[in-house]
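K.L.:
okay, here's the prediction I keep looking at, along with the sequence it came from:
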Amino acid sequence: MADIDRLLDAVPLSPERSTLVDVGAGLGRVVLHAARRPYRQIVGVEISPALFEVAKENRAAYRGELACRDIRLVRADAAAFTFPRGDLVVYLYNPFRAEVLAPMLDRLGADRRRDVALVYHTPLERAAVDAHPAFELIADLGIGLVYLARREVHVPRRIIGRA
């Protein structure tokens with residue numbers, strides 16, 4: 001769990017203004033550990049029916065401290081999952097190959113109305129993220145990487161008055 005904390009500590013986004021999405025949530029360990037931080041919302045996404053059921057049981061049995069009260073577990077395919085609106089912290093513990101990762105990055109990087117921090121533990125498909133134009137590496141902690149895709153800032157054009 002210390003690795004998770006080190007990676008989450010490297011994220012420059014405010015938890016209170018961000019939703020953490022654990023893609024490939026498995027047993028729900030990261031979801032429950034992250035819930036000790038004051039995220040606006042935490043969503044665990046898992047495709048396996050068996051792992052999803054165990055994650056639900058673990059959530060129901062969890063008696064630890066919770067700073068985030070809005071915790072959701074969703075059984076879904078990450079390739080088709082619709083990410084929540086607003087700033088995101090997307091946590092990946094190497095859940096799938098580049099064939100699934102690349103289209104997900106495209107979807108996340110295309111929405112430039114928000115900041116997206118990508119926390120990638122054990123980054124076996126690092127090349128796919130490094131090659132993506134929307135994501136910039138901001139931390140390499142050895143055990144994982146943290147990338148950031150910043151929202152586009154729209155500066156209103158100044159219109160010069162006519163005579």
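P.N.:
Thanks, I have the structure now. Residues are numbered from 1 along each chain as shown.

K.L.:
ok, the residue nearest to Leu141 when sequence neighbours are not counted to Asp87 distance?
P.N.:
On the basis of Cβ to Cβ, 6 or more residues apart in numbering, the spatially nearest residue to Leu141 that is not a chain neighbour turns out to be Arg6, at 5.5 Å. C-beta: built from backbone N, CA, C; applies to glycine. Between Arg6 and Asp87 the distance, using Cβ to Cβ, to the nearest Å, works out to 21 Å.

K.L.:
next structured bit after the least confident helix or strand in the chain by mean pLDDT?
P.N.:
When the helices and strands of the chain are scored by mean pLDDT, DSSP states H and E, helix 98-110 comes last with a mean of 93. Moving toward the C-terminus from helix 98-110, the next helix or strand (DSSP states H and E) is strand 116-121.

K.L.:
pull the distance from the very next helix or strand once past that next one to the chain's centre.
P.N.:
Of the helices and strands lying after strand 116-121 in sequence (DSSP H and E), the nearest is helix 126-130. The chain centre lies 16 Å from the centre of helix 126-130; the measure is Cα atoms, centre = their mean, to the nearest Å.

K.L.:
one more: stretch 3-17?
P.N.:
Here stretch 3-17 shows a centroid-to-chain-centroid distance of 10 Å under the convention Cα atoms, centre = their mean.

K.L.:
now that stretch: buried residues?
P.N.:
Of the residues in stretch 3-17, Ile4, Arg6, Leu7, Leu8, Ala10, Val11, Leu13, Pro15 count as buried by neighbour count, 16 or more other Cβ atoms under 10 Å.

K.L.:
and the helix or strand encompassing Val146, what does it pack against?
P.N.:
In this assignment (DSSP H and E), Val146 forms part of strand 144-149. When contacts are defined as 3 or more Cβ pairs under 8 Å, 6 or more residues apart in numbering; DSSP states H and E, strand 144-149 packs onto helix 2-9, strand 116-121, helix 126-130, strand 136-140.
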